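>>> Need coordinates for the following:
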Amino acid sequence: MWRAVPWITQYASASLIADMTYGTRPRGDDPRWRESGAPDQETYTAWCSRWCGMACFRMALLARDGTAPTLYELAMGGLEYGAYSDEPGSPGGLIYRPFAAYARDKHGLQAEVITDLGPDRLIAELDAGRLVIASVHPEIRRPRHDPPGTGGHLVLVTGHDNGQVTFHNPSGHVPEAVVATLPGPVFDRFAAHRGIALRR
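As a prediction, this is how the structure comes out:
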C-alpha cells in the first residue's frame, strides 16, 4: 500500500507560485531555491519550470518509502537516461519512456507509459492501486476557465470517488488547487489522455 501522498511543489517556495504563474515575479527569483538541491540559482532558474514530472515522481517515492532524493537529484538522474532533452524541437518537459526506464532501474518503481489515458483507463489504473502521472493543461489550476488546449503540465492523480478525480498539482497556486478534486468531465477537459501509471 502507498502511504499518504504528500504534496510537493516544483518550486521551492509554495507561497510564491501565484505570483510566479499569474503575476510578475520571475520563476527563478525564489529565496528558497537551495531546498531544491540545485547547485546554484542559475541552475534552479533553468529547471524549476520543467520539474512538474519530477515533483510527481518525488511524491510517489515519498508515499512508498517515506524519503526521496531532491528534485534536482531526480532530474539529473532522469537526464542521464534521456528523460529530458535540450535539443531543438524536443519536448521541454519529461520524456516518458526514458523516464520509465529510469524509475524502474534506479528506484525500483514500475512505470507504464499510457498513450490512451481516457477517463475509463484512468479510473481502471486507480482502481488497480496505481498512482498516475497525467498530462493536463496548466490552467487546470483554474478549472472554471476554458483551457486553451490540453497537456503541457503533469499532475499526480491519486484517487477517485463518486465521479470525482483527486490529484496533487505541483504548481497549485491556492489551497484548492494544491490537492484538488474535480468532477471527472471537468478534469478530462484539460487532459491530454497520456501519462504514466506508477506501481509499487
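>>> Could you tell me how many residues sit around residue 69?
17 (other Cβ atoms under 10 Å). Any C-beta I mention is one placed from the backbone N, CA and C, and that applies to glycine too.
>>> distance of it from residue 6?
As judged by Cβ to Cβ, to the nearest Å, residue 69 and residue 6 stand 15 Å apart.
>>> So, low pLDDT: which residues of this structure?
1, 88-91 (pLDDT under 70).
>>> As a check, name the ranges of all helices in it.
With helices called from DSSP state H, the chain shows them at 17-22, 41-47, 52-65, 71-80, 96-107, 119-127, 175-178, 184-190.
>>> Run the angle between the fourth one and helix 96-107 for me.
Relative orientation of helix 71-80 and helix 96-107, computed by axes from the mean of the first three to the mean of the last three Cα atoms, to 10 degrees: 120 degrees.
>>> hmm, what's the outermost residue in the protein?
Ranking residues of the chain by C-alpha distance from their mean position (Cα atoms, centre = their mean) puts residue 162 at the top, at 23.8 Å.
>>> Tell me the spacing between that one and residue 170.
Going from residue 162 to residue 170 by Cβ to Cβ gives 25 Å.
>>> again, but for residue 46
17 Å.
>>> ok, these two, which is more surrounded?
Each of residue 46 and residue 170 has its neighbours counted (other Cβ under 10 Å); residue 170 has more, 25 against 13.
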